[in-house]
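1. Sharing a model prediction with you, sequence too.
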Amino acid sequence: MSSDPTPLKPGNPKPWNDPRVRSVAFQLIAIAAVAWIGYSLFQNTISNMESRGIRTGFGFLNETAGFGIIMSLINYNETMTYGRTFLVGLTNTLLVSGLGILFATIVGFIVGIARLSTNWLVAKLALAYIEVFRNVPLLLQIFFWYFAVLGTLPGPRQALDVGGVAFLSNRGIIIPKPVFEAGAGWIGIALIVALIVSLVIVTWARRRQAATGQIFPAFPVASALILGLPALAYLVMGRPVGWDIPTMGGFNFSGGITAIPELGALLLALTIYTATFIAEIVRSGIVSVSSGQTEAALALGLPPRRVLRLVVIPQALRVIIPPLTSQYLNLTKNSSLAVAIGYPDLVNVFMGTSLNQTGQAVEIVAMTMAVYLAISLSISLLMNIYNRAVALKER
Amino acid sequence: MATHQPLPNQPAPVTQRGVIRWLRANLFSSWINGLVTLVVGYYLLTMLIPLIDWAFIGAVFTGDGVDACRPGKACWIFVEERFGFFMYGFYPEALRWRPTLAFALFALAVVPPFLPLPGRLRRSVAIFGLTGLPVGGYILIAGGVFGLESVDTSQWGGLMLTLILAYVGIIAALPIGVALALGRRSEMPVIRGICVIFIEFWRAVPLITILFMASVMLPLFLPEGVTFDKLMRALIGITLFQAAYMAEVVRGGLQAIPKGQYEAAEALGLGYWRRMRLIILPQALKIVVPGIANTVISLFKDTTLVLIIGLFDLLGAVKSTLSDPAWNNVMAEGYLFVAFCFWVFCFGMSRYSHRIEKQLDTDHRQ
């Protein structure tokens, strides 16, 4: 009863059915397609630029820019080069992002914790804040603060007086400026010494606790050092820091540090908007630590403060930090909306004015994008290192 | 024999029931909590009452021009007077029924998840929303065929433009994003590399630089004679930008599918595309509905950026009205009006996505 005359024989698949051959073929096609697109874009760009008479190369960076910038952290005037305008824009972007990150983190953590409050009113208030500001476009918030709030402040002559030292007007916020006299350097040195000593004490205390179980009050000692040592230096050197308090003269204030309203509006909007996202991240991070952890820590006899510091916060941070970093990146990228109200950030100064004057779109756009790319990639890199360090070590 | 007669149940003490119990538990659980409640409540009231008075009670809603406004109170007259401009931009008034009809169709495509419809009808409505509606909507709004008068894109504006940007951006970004996510998970190193570079590049740069690039550099990239109008350029930039974010969201879903599903699909003898289409993507996309909704909401808010390259979306329309000297003292009202519009849409979308999420949730979890 033998049926089936043809036994099954494993044979080689046809080349076009072989997954390996297909994979190589697809990849070759992909490379060819990308190369062709890149080549044709390059050719089009070159011929378009020639026909429009646009120069190429980075020579323009050494030419005189010839336009003023309303605010710069480094020395700048119209006679300086386009390369300098790039640096001015870059430092202004970093300034507003850095301050924004600082304030947004503070507000975000407060609101995130308030959201978990047992007090109904506080929790609902935090929720309302989050739902209102998260769902309104950032650009609109910037406009609102800039035109509808800061723009309607009185002029310098009727400036709002904050304690006689700071003034709020439609020209911005003016705060006293510290003036460092001879000997002020010692305060800085004292601060650095205090920081180093504190670091040594904390490390030593941790080691001693691991070895002997005895606890050394490292935190109060370190705080006393960091606050006390510079204060001591300040007194010993005969109070070498004075304050330059702004005074009204003519039509505007003289002295002090002026924060232009553009900066204020941008900072307010970035802080309020990003803080809503940070608050949600903080809340979900804290909620993610299961209550069993807290109960177990309390059962071990740890006082509540230590439960928070040693058990809850380290585990919550593992959940909080990665999305928090991406919010920081978002804030940095969103700071480019400065262009809408004229805060002189990188996009406004370099991609706006400099591009309009030189017409070298390709180089300028590439440089601007490279800056954001560099910031973004370096932060992602740090993030990955951190993630690897705190990830659950599963065995 | 005396039978035991239990006393009737006493009502709970007055402090342990009703409003008082709730107040005690939620607002005055400890003396410090009570203090916080009083302080926060006091400041809330002192801020809210004048605000409500300014915005509603004392405000002027209808009237004739700016002169009807009261000083120190909100003036909402301009919303009524410029309503057509805010909604449609410079779109010719006689033809405004066309975008209105398109948005009515859009509403029809969006509503079904809330209605108890048979699955087949619901599915065909969803397919219409993704394919027929963009084409039909374009024909209706742009015109130029079937005897409809052609309307140039430079006349489009207001809320209409905002919705078009968001809708087209999302419809176009979703398939590109899925393709990029699949590419990033591919076993072919070249494909993976291309996708990773593409995604990371678009995610690293701010949208505003992309819009600048689209409006300044795109004409340089294209061969001579090929030109796009401003709206098209913005749409290309927004779509590519959003596709990169969408790709990362979808990748999260792909990674969440257990390996067994991939292997089982392979064991069934399905080819790559059928594996993805029939087994993996339906599960992955279902997981990432909240992520997609978040992307859609952020895209909707980001569409306001087009005003920087000179398009008149809702924010741009209101802003240009406010720079009109006749209306320059209603600054706060103007921005609050736009904020309210955006808030309604964004909040609605997040509720909508919760609804869809629940509907798609076929998991048998306890």
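-> Sure thing, it's come through. Residues are numbered from 1 along each chain as shown, chains lettered A, B, ... in the order given.
2. Three-state assignment for the residue nearest to the spatial centre of chain B, please.
-> For chain B, the residue nearest the mean C-alpha position is B:I297 (3.4 Å; C-alpha atoms, centre = their mean). Secondary structure, DSSP: H, G, I helix; E, B strand; the rest coil: B:I297 is helix.
3. Okay, now the unreliable bits of the stretch 101-250 of chain A?
-> Within the stretch 101-250 of chain A, the stretches with pLDDT under 70 are A:249-250.
4. Then the stretch 101-250 of chain B?
-> In the stretch 101-250 of chain B, residues with pLDDT under 70: B:112-117, B:147.
5. Can you give me every residue that contacts A:N44?
-> The contact partners of A:N44, by C-beta atoms under 8 Å, 6 or more residues apart in numbering or on different chains, come to B:220-224. Where C-beta positions appear, they are placed from N, C-alpha and C, glycine not excepted.
6. hmm, I was thinking of B:V288
-> B:249-250, B:252-253.
7. With neighbour count as added columns, please give those residues in a markdown table.
-> What follows is the contacts of B:V288, written out as a markdown table (neighbours: other C-beta atoms under 10 Å in any protein chain shown):
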| residue | neighbour count |
| --- | --- |
| B:V249 | 23 |
| B:V250 | 27 |
| B:G252 | 14 |
| B:G253 | 21 |
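8. Not counting residues beside it along the chain, what's closest to the residue of the stretch 1-150 of chain B found nearest chain A?
-> Nearest to chain A, among the residues of the stretch 1-150 of chain B, is B:N26, at 3.6 Å (C-beta to the nearest C-beta). Nearest in space to B:N26, with sequence neighbours left out and distances taken as C-beta to C-beta, 6 or more residues apart in numbering or on different chains, is A:W120 at 3.6 Å.
9. burial count for the one you found?
-> Per other C-beta atoms under 10 Å in any protein chain shown, the neighbour tally for A:W120 reads 16.
10. ditto for the one 10 residues further on
-> As a burial measure, A:I130 scores 22 neighbours (other C-beta under 10 Å).
11. The closest residue to it other than its chain neighbours and A:V107, how far apart?
-> Leaving aside its sequence neighbours, A:I130 sits nearest to A:T276 (C-beta to C-beta, 6+ apart; 4.6 Å). Remark: distance between A:T276 and A:V107 (C-beta to C-beta, to the nearest Å) = 9 Å.
12. out of these two, which sits in the busier spot?
-> A:T276 (24 against 18).
13. residue contacts, that one?
-> A:108, A:111, A:129-130, A:133-134.
14. ok, for residue 284, nearest residue in space, not its chain neighbours?
-> Let's take chain A. A:V319 (6.9 Å).
15. wrong one, chain B
-> B:G253 (3.5 Å).
16. Touching, the one you found and B:P290? I think so.
-> No: B:G253 is beyond contact range of B:P290, at 10.4 Å (criterion: C-beta atoms under 8 Å).
17. Can you confirm whether the biggest helix by length in chain B lies near chain A?
-> Assignment by DSSP state H gives helix B:331-360 as the longest helix of chain B. Yes: for helix B:331-360, a contact with chain A is found by C-beta under 8 Å from any C-beta of the partner chain, at B:331-332, B:334-336, B:338-339, B:342-343, B:346-347, B:350.
18. can you pull the buried residues of that helix?
-> B:331-339, B:341-343, B:345-347, B:349-350, B:352-353, B:356 (16 or more other C-beta atoms under 10 Å in any protein chain shown).
19. Go ahead and confirm B:L108 touches B:L121.
-> No: in this structure B:L108 lies outside contact range of B:L121 using C-beta under 8 Å: 11.7 Å.
20. how far away is A:T258 from A:Y39?
-> Separation of A:T258 from A:Y39 (C-beta to C-beta): 51 Å.
21. So between these two, which is more surrounded?
-> Higher neighbour count among A:T258 and A:Y39: A:T258, with 19 against 10, using other C-beta under 10 Å.
22. dump the residue contacts of the more buried one.
-> A:171-174.
23. hmm, 10 Å instead?
-> Residues counted as contacts of A:T258 (C-beta atoms under 10 Å, 6 or more residues apart in numbering or on different chains) are A:71, A:167, A:169, A:171-175, A:177, A:246, A:252.
24. can you check B:I280 too?
-> B:182, B:185, B:253-254, B:257, B:261-262, B:265, B:272.
25. farthest-separated two in those residues?
-> In terms of C-beta to C-beta, the contacts of B:I280 reach their longest pairwise distance at B:G253 and B:Y272, which sit 17.5 Å apart.
26. what's the spacing between A:N387 and B:V288?
-> 21 Å.
27. where exactly do the helices run in chain A?
-> Using DSSP H, helices in chain A cover A:19-52, A:82-115, A:120-134, A:138-143, A:185-212, A:218-236, A:261-288, A:291-299, A:304-306, A:313-334, A:346, A:355-358, A:361-390.
28. Among the contacts of A:T276, find me the one that's closest to A:P156.
-> A:F133 (30.6 Å).
29. out of everything not next to it in sequence, what's closest to the closest one?
-> Per C-beta to C-beta, 6+ apart, closest to A:F133 is A:T276, 4.9 Å.
30. for the stretch 251-366 of chain B, which spans come out with low pLDDT?
-> Looking at the stretch 251-366 of chain B by pLDDT under 70, you get B:328, B:362-366.
31. Close to chain B: what parts of the stretch 251-395 of chain A are there?
-> A:273, A:326, A:329-330, A:332-340, A:346-348, A:351-352, A:355-356, A:359, A:361-362, A:364-366, A:368-377, A:379-380 (C-beta under 10 Å from any C-beta of the partner chain).
32. buried subset of the contacts of A:T258?
-> Members of these classed as buried by 16+ other C-beta under 10 Å are A:71, A:167, A:169, A:171-175, A:246.
33. returning to what we had before: residues that sit against both of A:T276 and A:V107, list them.
-> A:Y129.
34. And for the spatially closest residue to A:V162 that is not a sequence neighbour, the neighbour number?
-> Leaving aside its sequence neighbours, A:V162 sits nearest to A:L168 (C-beta to C-beta, 6+ apart; 6.3 Å). A:L168: 18 surrounding residues under other C-beta under 10 Å.
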